[in-house]
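In: Okay, here's the prediction I keep looking at, along with the sequence it came from:
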Amino acid sequence: MTRPIRSAALVVNARSRSGQAQFEEVCGLLDRLPFPVDAHAVEDPDQLDDVLAGVLAKDPDLVILGGGDGTISGLVDQLVGKDLVLGVLPFGTANSFARSLGIPLDLPGAVDVLATGAPRRIDLGMIDDDYYANCAAMGLSPQIAQTVPHGLKRYFGRAGYLAWAAVQFARFRPFTLIVEDEGKRYEMKVVEVRISNGPYHGGTELVDAAEIDSGQIVVQAVKGHVKRRLVRNWAASILRLDARHDDVVDFTGKRLRIETRPPLPISIDGEVLARTPVTARIAAGVIEVMAPIQPAQT
C-alpha cells in the first residue's frame, strides 16, 4: 500500500515552451495542495538530472515533474525502484503521457489531480536498458527531432513544429522493418513505426491497442511503399475514422526485437536517444503515478 503523501517536490523544465511562465503560474496554485511542495525551476536542461537527484535525497513522498514527454522520459529512470509517487504537470506541446493518464492539460486541472487523485501503478516502456514513459518512434518523427531548429517549439509552438514536419516529410523515404517475436520473424516495408506504452503519439490517439497498465509493449507499423500512407493514417486517426486501422499492423508482447534497413535513429518521447537494432520491452507496474480516480467497473 502506498504511504500517505506528506511532502512533495516539484521539478520544472523551465526551458520548455513557456516553462518559466508556467512555473510561476503553478507556484500560485500549490497552496491548494494539502502538503508542502519544494519547488525548483531548472532553466538549463543539462541540470535536470542533478536537481532531481538532490530532490530524491530528501525522500519526498511525491515527486512532481513539469515539462513535456521528453522531460518525463529523461528523468523517469531515476524514479524506478523508489518508494514514491510521480506527479505530472503537462508543460509540453503534445503531452501524450498526460493524455494517456487522463490528466487535464490545463494547470489548475492538473494540480487538482495532485490533490484529489489516487496513485495508479503503471508500466514503463524500455528501449534496451532505457526506461521511457510513452512512445518511441522510427521514421519521420526522429528525422524531425534531429533536424528541428533550436527553440522552434518554444517560440512558435505546435504550428511551428508542424510546419517543420512538412519540410521533413518532403525529404522522408519509406524503409524496411524486421520484427522478431518469440522466434518468429516478420519483414515489411513501412513508413512509420511506433513503440508504444500508451495510445497517444504526438498528442493524437494513434495506437488503440496500447494501454499504460496492460503489461504489454505494442509495436505498431504503418505499412506501405509510399509515404502518402502515413498522411492517410494520421488524418484518419485525427478524425477517428475506422480507416485508421487499414494501413497498420500491431505486434504485442513483453519483449520484441526490432531492426530496420537501413539502420535508423529512434526518438524516445521526442528525443533521439537510440538507433536500430534494439530490443523493445515492457517494465510492468514499475512506478506509481498520481492520476484521476478511475470510475468503478461494473
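Out: Received it, and whenever you're ready, just let me know what you need.

In: Strands along the stretch 1-150 of the chain, start to end?
Out: With DSSP state E, counting those that start in this stretch as the criterion, the stretch 1-150 of the chain has strands at 8-13, 37-42, 62-67, 85-90, 118-127, 130-132, 135-139.

In: In contact with Cys102: list those residues for me.
Out: Actually, residue 102 is Gly rather than Cys. Going by CB atoms under 8 Å, 6 or more residues apart in numbering, Gly102 touches 291-292. To be clear about C-beta, it is placed using only N, CA and C from the backbone, and glycine gets the same treatment.

In: Give me the below-cutoff pLDDT ranges for the stretch 1-150 of the chain.
Out: 1-3, 16-18 (pLDDT under 70).

In: circling back to that earlier point, can you redo the strands of the stretch 1-150 of the chain as TSV with distance to Val207?
Out: Shown next, in TSV, are the strands of the stretch 1-150 of the chain (distance: least, CB to CB, whole Å):
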stretch	distance to Val207
strand 8-13	25
strand 37-42	31
strand 62-67	22
strand 85-90	19
strand 118-127	12
strand 130-132	14
strand 135-139	7
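
In: Can you tell me which of those is most buried?
Out: Mean neighbour count, computed with mean count of other CB atoms under 10 Å, is highest for strand 135-139 among those, reaching a mean of 28.

In: CA atoms only for it, dumped as PDB, please.
Out: The C-alpha coordinates for strand 135-139 follow below in PDB (Å, rounded to 0.1, in the frame of the first residue of the first chain):
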ATOM      1  CA  CYS A 135       6.200   6.200 -27.100                       C
ATOM      2  CA  ALA A 136       9.300   5.700 -29.100                       C
ATOM      3  CA  ALA A 137       9.200   6.100 -32.900                       C
ATOM      4  CA  MET A 138      11.200   5.400 -36.100                       C
ATOM      5  CA  GLY A 139      10.700   7.200 -39.400                       C
END
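
In: Done for today, thanks.
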